[in-house]
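S.K.: What shape does this take:
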Amino acid sequence: MNWKKILALALLLAVLAVAIVYIDRKEKGQKASAGILLDITAGTIDRIELRNPEGDFIFSRRDPLWQIEKPLAAKADKVALESILDNFSRLQYDRLVAEDAGDLKVFGLDTPEIELKLFSKGQPAATVVLGVKNTLDGSSYARLAGDGRVVTLAAYKRQDLEKGLLAFRDKKFFALDPMAVTSLQYRTGDAAVSLAKKDERWFLEKPFYSLVRESRISELLSAASQLEATSFAPAGDAGEQAAFGLDRPLLTAEFLTLSGPRRITVGRQGESYYARADGSSEVCGISGDFTGKFVPDAAAWRENKVARFFAYDAREISFQKGAFRVALRKDEAGDWDFLPPQPGKKPDGEKVNSLLTVLADLEATGFIDEPGALPAVAARVIIRTEDQVDPERRSETVLEFAAAAGETVVVRDPSLPYSYQVQREALAKLPARMEDIAAAPSPPKAGK
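M.R.: All right, here's what the predicted structure looks like:
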């Protein structure tokens, strides 16, 4: 047996045990030193005064919003103010440095870098001051006015108080509720486009009439409602607005809402984009991506899906192709049946679902905006759907297919004043006889 190795291992274990005890005691001591420096109900605070290296700020609450009173009058960023309340109304410190510090200079608290005052209804102001910042972890020395304790605060709490005016301002300068918009007109370059919402669907009205692609209009309205300023500047007179490119706008847009119109003008100067909302006395810097939502080519708005339904929402299908006619209905269990029942026959679920998928995925390769009389109808389909989330929401889609002409087939939705052109393969995929939609008969059992 090697006694030297055993002795070395014993010494190593002893060192580890001492280290564990030391670390455990240190952690317990640190935890014991944490505590609460200030405790005010956040909902009662109606005024905040802040002095930091960026300047002096005064904020007041006008339920449910916060306003900036100094250095200018403007709406405040709700998130920025609520973050201060969350972190300072009940102010927890990480470590108690001194119970009753005599010399505040060593902590930078004789001339604090940051001073925060919280005014609660019916109570004197609570003042928290922050001194120098620890360069290792970003924590700060702090104290409460009238309290001799000096403590340290976590870095993220100081960051809430180090912001400048732009960070404290509400940057959403163009108030718009996407659900309340009923029409939109815009001009970009020489292109003028007009869209309107009718019966929960959006239509292009100028320069021609068409259903609108829902994803595109939703994206535009969402971008407009979330538009934020990257800078603010006084609008000034017409000459000063030329400095922002607003004398020759890149874009003008008007959103008509239930509460009235909302207008915005966008200009460009060099690589920077600026916007001014009607009624505002300021010009706001914005991201250049916003103007890209307003495409000059109206054709980009067109919905090229011929049938607008989801295959799994279909509940009934009526189908006619030449002399062949058939109707089907889906029961509560999700199985398809002929309507009326066909003796000895059942629909093939895979064939039905394949037909629905073909129709739901059908896309136009072209449009006929001034259609004449539709050529002889080669096939007619009626699909009735029911929203699985809202069963009361039902819809009906009617499609009429002309005979193939060359490589395309003309398809008409009678509810629209224009027709679609689709690839001729679409017509070939439609069933032409019962065998194309019915399940194969079961083979006779042996001995029968």
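
S.K.: Put the alpha carbons of stretch 208-228 into PDB.
M.R.: The C-alpha trace of stretch 208-228 is given here as PDB (Å, rounded to 0.1, in the frame of the first residue of the first chain):
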ATOM      1  CA  PHE A 208     -58.600  48.200 -61.500                       C
ATOM      2  CA  TYR A 209     -60.900  46.000 -59.400                       C
ATOM      3  CA  SER A 210     -59.700  42.800 -57.700                       C
ATOM      4  CA  LEU A 211     -59.700  40.800 -54.600                       C
ATOM      5  CA  VAL A 212     -56.700  41.700 -52.400                       C
ATOM      6  CA  ARG A 213     -54.200  39.200 -51.100                       C
ATOM      7  CA  GLU A 214     -55.000  39.200 -47.300                       C
ATOM      8  CA  SER A 215     -51.400  38.500 -46.200                       C
ATOM      9  CA  ARG A 216     -50.200  41.700 -48.000                       C
ATOM     10  CA  ILE A 217     -52.800  44.100 -46.600                       C
ATOM     11  CA  SER A 218     -52.500  42.600 -43.100                       C
ATOM     12  CA  GLU A 219     -48.700  43.100 -43.300                       C
ATOM     13  CA  LEU A 220     -49.100  46.700 -44.400                       C
ATOM     14  CA  LEU A 221     -51.700  47.600 -41.700                       C
ATOM     15  CA  SER A 222     -49.600  45.900 -39.000                       C
ATOM     16  CA  ALA A 223     -46.500  47.900 -40.100                       C
ATOM     17  CA  ALA A 224     -48.400  51.200 -40.100                       C
ATOM     18  CA  SER A 225     -49.800  50.500 -36.600                       C
ATOM     19  CA  GLN A 226     -46.400  49.600 -35.200                       C
ATOM     20  CA  LEU A 227     -44.500  52.400 -37.000                       C
ATOM     21  CA  GLU A 228     -42.000  54.000 -34.600                       C
END
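
S.K.: Now do it: distance to the chain's middle.
M.R.: Centroid displacement of stretch 208-228 relative to its chain, using Cα atoms, centre = their mean, to the nearest Å, is 13 Å.

S.K.: do the same with stretch 413-424
M.R.: 33 Å.

S.K.: Can you give the contact residues for it?
M.R.: 209-211, 304, 306-307, 362-371, 374, 397-400, 404, 406-412 (Cβ atoms under 8 Å, 6 or more residues apart in numbering). Bear in mind the C-beta positions are built from the backbone N, C-alpha and C, glycine included.

S.K.: Just the buried positions in that stretch, please.
M.R.: 413, 418-422 (16 or more other Cβ atoms under 10 Å).

S.K.: For that stretch, list the C-alpha coordinates in CSV.
M.R.: The C-alpha coordinates for stretch 413-424 follow below in CSV (Å, rounded to 0.1, in the frame of the first residue of the first chain):
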residue,chain,number,x,y,z
ASP,A,413,-66.3,33.1,-59.7
PRO,A,414,-69.7,34.5,-60.3
SER,A,415,-69.4,36.9,-57.4
LEU,A,416,-66.4,38.7,-59.1
PRO,A,417,-66.5,40.9,-62.2
TYR,A,418,-63.4,39.3,-63.7
SER,A,419,-62.2,35.8,-64.6
TYR,A,420,-59.0,33.7,-63.9
GLN,A,421,-56.8,31.8,-66.3
VAL,A,422,-55.4,28.6,-64.9
GLN,A,423,-53.3,25.7,-66.4
ARG,A,424,-55.4,23.2,-68.3
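
S.K.: ranges for the helices of the protein?
M.R.: 3-33, 78-88, 155-161, 165-168, 214-225, 238-241, 349-360, 425-428 (DSSP state H).

S.K.: hmm, back to that, in a markdown table, list the buried residues of stretch 413-424 along with pLDDT and distance to residue 222.
M.R.: Converted to a markdown table, those look like this (pLDDT from 0 to 100; distance: Cβ to Cβ, whole Å):
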| residue | pLDDT | distance to residue 222 |
| --- | --- | --- |
| 413 | 92 | 28 |
| 418 | 93 | 28 |
| 419 | 93 | 32 |
| 420 | 94 | 28 |
| 421 | 94 | 32 |
| 422 | 94 | 31 |
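
S.K.: So which of those sit within strands?
M.R.: Among the buried residues of stretch 413-424, DSSP state E puts 419-422 in strands.

S.K.: just to revisit the earlier point, looking at the buried residues of stretch 413-424, which is nearest residue 267?
M.R.: Of all these, residue 267 sits closest to residue 418, with 35.9 Å by Cβ to Cβ.

S.K.: how far is stretch 252-272 from where the chain is centred?
M.R.: 20 Å.

S.K.: Just the buried positions in it, please.
M.R.: Those would be 252-253, 255-257, 262, 264-268, for stretch 252-272 by 16+ other Cβ under 10 Å.

S.K.: Pull the residues that contact stretch 323-330.
M.R.: For stretch 323-330, contacts defined as Cβ under 8 Å, 6+ apart pick out 314-319, 336-340, 347, 352, 431-434, 437.

S.K.: and if we set it to 10 Å?
M.R.: For stretch 323-330, contacts defined as Cβ atoms under 10 Å, 6 or more residues apart in numbering pick out 312-320, 335-340, 342, 345, 347, 349, 352, 355, 379-380, 382, 384, 386, 430-434, 436-438.

S.K.: Tell me how this structure divides into domains.
M.R.: Here the domain assignment for the chain is 34-168, 178-301, 311-436, based on automatic domain parsing.

S.K.: Return the member of the ones you listed having the minimum mean pLDDT.
M.R.: Of all the domains of the chain, mean pLDDT reaches its minimum on domain 311-436 (a mean of 90).

S.K.: Give me the distance between the two termini of it.
M.R.: 18 Å (Cα to Cα, to the nearest Å).

S.K.: Next: stretch 279-297.
M.R.: Chord length of stretch 279-297, first to last residue, is 30 Å (Cα to Cα).

S.K.: list the buried ones in that stretch?
M.R.: Result for stretch 279-297 [16+ other Cβ under 10 Å]: buried residues 282-286, 290-291, 293-295.

S.K.: try stretch 312-324
M.R.: Buried, per 16+ other Cβ under 10 Å, within stretch 312-324: 313-314, 316-321.

S.K.: From the contacts of stretch 323-330, keep the buried residues only.
M.R.: Among the contacts of stretch 323-330, those buried by neighbour count (16+ other Cβ under 10 Å) are 313-314, 316-320, 336, 338, 345, 347, 352, 355, 379-380, 384, 430-431, 436-438.

S.K.: Mind checking which of those are in strands?
M.R.: Using DSSP E, the buried ones among the contacts of stretch 323-330 in strands are 314, 316-320, 336, 338, 379-380, 384.

S.K.: What sits closest to residue 246 if chain neighbours are left out?
M.R.: Spatially, and ignoring its direct neighbours in sequence, residue 246 is nearest to residue 267 (4.0 Å; Cβ to Cβ, 6 or more residues apart in numbering).
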